[in-house]
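# model this:
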Amino acid sequence: MPQLLVPAKYVKLAYQYIVNHILTFLLLPTMAAAAAELLRLGPDEILSAFRSLHFDPIQTLCTSFLIIFVATVYFMSKPRSIYLVDYACYKPPVTFRVPFSTFMEHSRLNLKENPKSVDFQMRILERSGLGEETCLPPAIHYIPPTPTMDAARGEAELVIFSTIDSLMEKTNLKPKDIDILIVNCSLFSPTPSLSAMIVNKYKLRSNIKSFNLSGMGCSAGLISVDLARDLLQVHPNSRALIVSTEIITPNYYKGSERAMLLPNCLFRMGGAAILLSNKRRRDAARSKYKLVHVVRTHKGADDKAYKCVYEQEDPEGKVGINLSKDLMLIAGEALKSNITTIGPLVLPASEQLLFLFTLIGRKIFNPKWKPYIPDFKQAFEHFCIHAGGRAVIDELQKNLQLSAEHVEASRMTLHRFGNTSSSSLWYELGYIEAKGRMKKGDRVWQIAFGSGFKCNSAVWKCNRTVRIDSDGDGPWQDCIHRYPVHIPEVVKL
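Prediction:
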């Protein structure tokens, strides 16, 4: 008699279903047996058994008091729910656009004494995954660039004020409604701070709790979310405004060191403003997402990790960001540490058991066993991977075994806007929404890397189905119909 072979994928699906619903399978027979026993006894026997019970008033009162006390302590110690009411992303004007031809022409003129550096930038740009519509601030369009303090402040005011204005319009937010202000910008840290600049512009309250984070790299946006969450836990009935950006003007490298020329090819203008709230009655119903988890991993104790993204002077005294050749290896190690922490928080029991059994098997039986990579697609519907570069997205797609659709938002964000540092995650979330893919109950995993070296994650749950706003002013509003686009491995220039 021929044997019927069941495909492995169906075996795994059956295993996942049984393990993830094990309590249901155990409780149903118990409940069925109890129901059968009650039906067998009959109503007279049940009533007689109930009357035979003796209730002591003092014991009943003490038990009731204990139940009320435990319930009160539980609800008072339960963390406040943090809601993401809405967010806005900066959309640069078309006059700031930097097509490949313009970028390379400027490179030839700015580095005319070093043609090898020009050729290097061209090879990087060809393989970068960037498109023809990414933007740089006006000061970088000059030949040579003019990275003055005034120009940097001008870029900061344009990006930050535009995003905050857009967010206020979308949420009907008034300056007096802001209780907490957090700004993160890694490389541009003027005095007075960018947070003070916002307070001055919008005349925020004198008792505003403001914070300015600098030098924390591309993952600083999620650090800001973590800080806002902690503050909202101790300040009831409050709203927090987060501004995430990177100011490009003062950080354009004009030297010839290859490792320091890479950021010129990848980083572009961008920014985002995010409104978080713990006001359940006023903001829960209208908010888009609820914050579930934030997990932060810091590998700075290791010297290689600490120096893999390093601001320094080259031999000619020109300042730039040196990106180490070990960057992807270090990022992979940081990711492993991060998912080891976040896995037990989000993965279903079936995936956790497989991971545990594989780990025990490698420790006891055979260290050469291939480690089991948990299927995070069981825990999340959407992934927002920091659009730091094509290599970053490729590495995470491979390590997490994601499909092309799962990393589509990251690749398209890199293509349309470039690496916008800490704000890239919000452009990606905007892409998913603009495509009409965000449904109520969907879970989103944001992953970002930053200098130091850090890997940070945030998990959100969608509160309501996000409808496509054809009349909106989001960054994807005028171009979403063209995406996704095919991005070749090499774009010959």
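# The host helix or strand of Asn212 pairs with which strands?
Taking DSSP states H and E as the definition, one finds Asn212 inside strand 209-213. Partner strands for strand 209-213, per DSSP bridges, with pairing direction: strand 180-184 (parallel).
# what comes up buried for whatever helix or strand comes next after the strand holding Asn212?
Next along the chain after strand 209-213, taking DSSP H and E as the criterion, comes helix 220-234. By neighbour count with 16 or more other C-beta atoms under 10 Å, helix 220-234 contains the buried residues Ala220, Gly221, Leu222, Ile223, Ser224, Val225, Asp226, Leu227, Ala228, Arg229, Leu231, Leu232. For glycine as for every other residue, the C-beta is placed from the backbone atoms N, C-alpha and C.
# could you dump those residues to TSV with pLDDT and distance to Glu489?
Supplementary listing: these in TSV, determined by pLDDT from 0 to 100; distance: C-beta to C-beta, whole Å:
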residue	pLDDT	distance to Glu489
Ala220	95	31
Gly221	96	29
Leu222	97	30
Ile223	97	34
Ser224	97	35
Val225	97	34
Asp226	97	37
Leu227	97	39
Ala228	97	40
Arg229	97	40
Leu231	97	45
Leu232	97	44
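# what stretches of the chain score poorly on pLDDT?
Across the chain, residues meeting the criterion (pLDDT under 70) sit at 1-26, 37-42, 44-47, 49-56, 60, 73-77, 371-372, 470-473, 493.
# isn't Trp445 right up against Cys384?
Yes: applying C-beta atoms under 8 Å as the test, Trp445 and Cys384 come out as touching, 7.0 Å apart.
# And those two? Which one has more around it.
Between Trp445 and Cys384, counting by other C-beta atoms under 10 Å, Cys384 is the more crowded of the two (26 against 23).
# Assign that one to helix, strand or coil.
strand (DSSP: H, G, I helix; E, B strand; the rest coil).
# Could I get the contacting residues of it?
Residues in contact with Cys384 (C-beta atoms under 8 Å, 6 or more residues apart in numbering) are Ala409, Ser410, Leu425, Glu428, Leu429, Ile432, Val444, Trp445, Gln446, Ile447.
# Bridged to it, which residues?
Listed by DSSP bridges, the beta-bridge partners for Cys384 are Gln446.
# before we move on, back to that, between helix 220-234 and the strand holding Asn212, find me the angle.
Angle of strand 209-213 versus helix 220-234, following axes from the mean of the first three to the mean of the last three C-alpha atoms, to 10 degrees, is 160 degrees.
# Show me which residues of strand 209-213 are buried.
Ser210, Phe211, Asn212, Leu213.
# quick check, Leu28 in a strand?
No: inclusion of Leu28 in a strand is not indicated when three-state DSSP is applied; the result is helix.
# okay, now it: neighbour count?
Taking other C-beta under 10 Å as the definition, Leu28 ends up with a neighbour count of 11.
# Output the contacting helices and strands for the helix or strand Arg281 falls within.
Secondary structure from DSSP H and E places Arg281 in helix 280-283. In this structure, helix 280-283 makes packing contacts with strand 83-89, judged by 3 or more C-beta pairs under 8 Å, 6 or more residues apart in numbering; DSSP states H and E.
# show me the contacts for the residue most central in space within the chain.
Taking C-alpha atoms, centre = their mean as the criterion, Gln446 is the residue nearest the geometric centre of the chain, at 2.6 Å. Gln446 sits next to Leu222, Cys384, Leu425, Leu429, Ser457, Ala458, Val459, Trp460 when contact means C-beta under 8 Å, 6+ apart.
# Let me know the closest of the residues you listed to Pro488.
Cys384 (23.8 Å; C-beta to C-beta).
# Can you show me the strands along the stretch 351-493 of the chain?
For the stretch 351-493 of the chain, strands defined by DSSP state E, counting those that start in this stretch occupy the ranges 382-385, 443-450, 454-462.
# Quick one: list the elements packing against the lengthiest helix in the chain.
Secondary structure assigned by DSSP state H gives helix 149-171 as the longest helix of the chain. Helices and strands touching helix 149-171, by 3+ C-beta pairs under 8 Å, 6+ apart, are strand 83-89, helix 138-141, helix 194-202, strand 239-245, strand 271-277.
# what's the strand or helix carrying Ser107 in contact with?
With the criterion set as DSSP H and E, the secondary-structure element containing Ser107 is helix 100-110. Residues outside helix 100-110 that contact it (C-beta under 8 Å, 6+ apart): 115, 117-118, 121-122, 125, 132, 141, 143-145, 254, 265, 491, 493.
# Which positions in it come out as buried?
By neighbour count with 16+ other C-beta under 10 Å, helix 100-110 contains the buried residues Phe100, Phe103, Met104, His106, Ser107, Asn110.
# ok, now stretch 322-332?
Of the residues in stretch 322-332, those scored as buried under the neighbour-count criterion (16+ other C-beta under 10 Å) are Asn322, Leu323, Ser324, Leu327, Ile330, Ala331.
# Tell me who's in contact with the last one.
For Ala331, the contacting residues are Val392, Glu395, Phe449, Phe453, Cys455, by C-beta under 8 Å, 6+ apart.
# Need the max-distance pair from these.
The two members of the contacts of Ala331 with the most space between them (C-beta to C-beta) are Glu395 and Phe453, at 14.1 Å.
# out of the two, which sits in the busier spot?
Regarding Glu395 and Phe453, a neighbour count based on other C-beta under 10 Å identifies Phe453 as having more, with 26 against 19.
# quick one, phi psi at the more buried one?
phi -110, psi 140 (degrees, to the nearest 10).
# Go ahead and confirm it touches Ala334.
Yes: using C-beta under 8 Å as the test, Phe453 is close enough to Ala334 to be in contact (5.8 Å).
# shared neighbours of the two, anything?
Common contacts of Phe453 and Ala334, defined by C-beta under 8 Å, 6+ apart, comprise Lys299, Ala305.
# before we move on, back to that, ok, so of the contacts of helix 100-110, who is nearest Gln477?
Checking the contacts of helix 100-110 against Gln477 by C-beta to C-beta gives Glu132 as the nearest, at 18.6 Å.
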